[in-house]
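K.L.:
Quick one: sequence plus predicted model below, questions after.
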Amino acid sequence: MATLWQGRFSAGPAEALQALNDSLRFDQRMFAEDIAGSRAHVQMLCEVGLLTESERDDILVALAQALSEFRDGNFAFVASDEDIHTAVERRVCELCEAGAKLHTGRSRNDQVATDLRLWTKGAIGEVINQVLGLQMVLLRRSETTEDAYLPGYTHLQQAQPVMLAHHLLAHGWALARDVGRLQDARERLDVSPLGAGALAGSSLPLDPQMCAETLGFARVFDNSLDAVSDRDFVAETLFALALLGVHLSRIGEELILWASTEFGFVTLDEAFSTGSSMLPQKKNPDIAELARGKAGRLIGHLSGFLATLKGLPLTYNKDLQEDKEPIFDAVDTVLLTISALRGMLDTLVFDTERMAAVADSPYAAATDLAEWLVERGLAFRQAHEVVGDLVRRAVAGESTFVELVTAHNKLGPEAAKLLDPKTSANRRNTHGGGSTKAVKRQLQRFEAQLNHQTDAKREPE
Ligand code: ARG
């Protein structure tokens, strides 16, 4: 079987070249997109008079047959099918004579860029759906935590008690930004490169705008050289996925800590945890660990691909074939990770008594005591010193913190009430802060933004 470029060569390709060069193994994933691009191209060729209507129809029928063969698993690839574009064109030529005209005014360079943009556009939609689903779980779990609270941490040292909903929603907002980034990336990639040819357009009267419209792209390329060499959309999507992966990793890391005996804040559902082959007592948070581990792989795809791009002169270079495996794998990895993590978050049980017991250290309210003094006219720096001194004395064993606060002339029994469980978290009523009321208001804002993002997704493209 022949290559697409055999005319220029007197001998066939070496096996080693084929093994390195062929991309069919992974780019057949863009089969449907390749067919869609070809359909738009032949419709345009007919409109501008380069194909007769019957030639166009013959090719469209052949393309439809190729697609159904592929979907049914009956598409017979042959050894010379270097990539998906070659395979489809070869099959169309087998099925109809007009097939020889399919590649008129087109190059695999504008073709592959078109296919991958179409594929990535669809994939971003799927990822967004999954992230919205994960946000929904965080929202539901936040709504049902009542007024559970736990220690809030800085430096992984207990800082101030916070509501559990407050904590869970913090992850939710990060995911909301991920959705925004993915939407932005999708908006920017919505450009059709079809009609750019190999690099410089065509002497034939092509109509790239028509192809763009048929394919549902928002815009057409402005510069043919840029159109065939631009892979910003791959890099940008990889970045959005890598940062999403980092957010999933952080959720994972916390779940790992929380599921440990030392923290004991959550019990994992059996369906979403694993056992140990040697240690019968173990119940391991593998999903959370994989969420953490997979982030490395996602970051690798981004940095690897940026390195691929950085030295490339205009325009198309075969290096660009390295765009597909990272983006395919990044999308698969994120989808797999989110669906498992979502199940894990949905089913785990919070041990809110344990959380409260750990959060109820009287020292957790130290800042509230200082702020109480500020309300009574003391400068914050002095208030900080007064409370700091009491903490130091309590830690040194002079007396309990509560007793020292009660006995202090500037503080006393009224201030000591701040050290009661639950009191501290509830005093921070500022916007986005920790009180029950502030968290309720935040929950409403989060739900509103989630509805907004979900509705935006439904708008016709
Ligand atoms: N398989 C190639 C890729 O993925 C298609 C473009 C090939 N273009 C070429 N001039 N050889 O990039």
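P.N.:
Perfect, I can see it now. Just so we're clear, the structure is a prediction, and the values are computed from it rather than from any experiment.
K.L.:
Only C-alpha atoms from now on, for both contacts and neighbour counts.
P.N.:
Noted.
K.L.:
so for the lengthiest helix in the chain, what's the average pLDDT?
P.N.:
Longest helix in the chain, counting residues (DSSP state H): helix 108-143. Mean pLDDT, helix 108-143: 98.
K.L.:
Which neighbours in the sheet does whatever helix or strand comes next after it have, and how are they oriented?
P.N.:
Next in sequence after helix 108-143, counting helices and strands by DSSP states H and E, comes strand 149-154. Sheet pairing of strand 149-154 (DSSP bridges) gives strand 157-163 (antiparallel).
K.L.:
Centre of the chain to the strand it pairs with, how far?
P.N.:
29 Å (Cα atoms, centre = their mean, to the nearest Å).
K.L.:
From the rest of the structure, what touches that strand?
P.N.:
Under the contact criterion Cα atoms under 8 Å, 6 or more residues apart in numbering, strand 157-163 has outside partners 147-153, 359-360, 364-365, 424-425, 434-436, 439.
K.L.:
Can you name the residues that contact the closest residue to the ligand within the chain?
P.N.:
Among the residues of the chain, Gln321 lies nearest to the ligand; the distance is 3.7 Å by Cα to the nearest ligand atom. Gln321 sits next to Ser23 when contact means Cα under 8 Å, 6+ apart.
K.L.:
outside of stretch 413-429, which residues touch it?
P.N.:
With Cα under 8 Å, 6+ apart as the test, stretch 413-429 has contacts from 149, 160-163, 356, 360, 362-365, 368-369, 372, 402, 405-407, 434-438.
K.L.:
In PyMOL, select just the buried ones from the contacts of strand 157-163.
P.N.:
Listed next is the PyMOL selection for buried residues among those, using 16 or more other Cα atoms under 10 Å:
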select buried, resi 147+148+149+150+151+152+359+360+364+365+424+425+434+435+436+439
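K.L.:
Neighbours of Asp332, how many?
P.N.:
If you count neighbours by other Cα atoms under 10 Å, Asp332 ends up with 13.
K.L.:
no no, Pro421
P.N.:
Other residues near Pro421 number 18, with proximity taken as other Cα under 10 Å.
K.L.:
Could you report the pLDDT at it?
P.N.:
75.
K.L.:
repeat for Gly216
P.N.:
Gly216 is given a pLDDT of 98.
K.L.:
Could you do Arg458 as well?
P.N.:
67.
K.L.:
try Cys46
P.N.:
Looking at Cys46, the pLDDT reads 98.
K.L.:
Buried residues of stretch 443-456, list them for me.
P.N.:
Neighbour-count burial for stretch 443-456 [16+ other Cα under 10 Å]: Leu443, Phe446, Leu450, Gln453, Thr454.
K.L.:
Doesn't Ala438 lie inside a strand?
P.N.:
No - counting by DSSP: H, G, I helix; E, B strand; the rest coil, Ala438 is not found in a strand; it is helix.
K.L.:
helix, strand or coil for the residue of the chain most remote from its centre?
P.N.:
In the chain, the residue that sits farthest from the middle, by Cα atoms, centre = their mean, is Asn409; the gap is 55.0 Å. Following three-state DSSP, the label given to Asn409 is coil.
K.L.:
Kindly indicate whether the closest residue to Gly133 other than its chain neighbours is helix, strand or coil.
P.N.:
Counting by Cα to Cα, 6 or more residues apart in numbering, Arg342 is the residue found nearest to Gly133 once chain neighbours are left out, at 7.8 Å. Recorded secondary structure, Arg342: helix (three-state DSSP).
K.L.:
which residues touch Arg342?
P.N.:
Contact partners of Arg342, counting by Cα under 8 Å, 6+ apart, are Gly133, Leu134, Val137.
K.L.:
Once you drop chain neighbours, what's closest to the last one?
P.N.:
Nearest-residue entry for Val137: Asp346, 6.1 Å, with adjacent residues in sequence omitted and distances by Cα to Cα, 6+ apart.
K.L.:
Can you report phi and psi for that neighbour?
P.N.:
Dihedral angles of Asp346 (phi, psi; degrees, to the nearest 10) stand at phi -70, psi -30.
K.L.:
Distance-wise, check it relative to Leu298.
P.N.:
Distance, Asp346 to Leu298, by Cα to Cα, to the nearest Å: 24 Å.
K.L.:
Show me which of the two is the more surrounded one.
P.N.:
Leu298 (27 against 18).
K.L.:
Just confirm that one contacts Phe328, I think it does.
P.N.:
No - counting by Cα atoms under 8 Å, Leu298 does not reach Phe328; the two are 11.0 Å apart.
K.L.:
do stretch 111-127 and the ligand meet?
P.N.:
Yes - using Cα under 6 Å from any ligand atom, stretch 111-127 reaches the ligand at Val112.
K.L.:
Now the phi/psi pair for Leu20, please.
P.N.:
The phi and psi torsions at Leu20 (degrees, to the nearest 10) take the values phi -80, psi -40.
K.L.:
Now do it, the pLDDT please.
P.N.:
In this model, Leu20 is scored at 97, pLDDT.
K.L.:
just Ala365 next, same as before
P.N.:
Ala365 carries a pLDDT score of 88 in this model.
K.L.:
likewise the one 10 residues further on?
P.N.:
If you check Glu375, the pLDDT there is 94.
K.L.:
secondary structure class for the nearest residue to Lys410 once chain neighbours are set aside?
P.N.:
Leaving out its chain neighbours, the residue that sits closest to Lys410 by Cα to Cα, 6+ apart is Leu373, at 7.6 Å. Here Leu373 takes the helix state, with states given by three-state DSSP.
K.L.:
pretty sure Ala291 is in contact with Leu336, am I right?
P.N.:
No - with contact defined as Cα under 8 Å, Ala291 does not reach Leu336; the gap is 9.4 Å.
K.L.:
Among those two, which residue is more densely surrounded?
P.N.:
Ala291 (26 against 13).
K.L.:
tell me which element that one is part of?
P.N.:
Going by DSSP H and E, Ala291 is in helix 286-310.
K.L.:
Which residues does that helix contact?
P.N.:
Counting by Cα under 8 Å, 6+ apart, 235, 238-239, 241-243, 245-246, 248-253, 255-256, 272-274, 319-320, 322-323, 326-327, 330, 333, 337, 340-341, 344 sit against helix 286-310.
K.L.:
just stretch 136-149 next, same as before
P.N.:
For stretch 136-149, contacts defined as Cα under 8 Å, 6+ apart pick out 161-166, 168-169, 171-172, 342, 345-346, 352, 355-356, 359, 422, 425, 436, 443, 446-447, 450.
K.L.:
mind checking how far that stretch is from the chain centre?
P.N.:
Worked out by Cα atoms, centre = their mean, stretch 136-149 lies 23 Å from the chain centre.
K.L.:
How about Asp207, nearest residue that isn't a chain neighbour?
P.N.:
Met44 (6.6 Å).
K.L.:
And for Phe380?
P.N.:
Excluding the flanking residues, the one nearest Phe380 by Cα to Cα, 6+ apart is Val374, at 5.8 Å.
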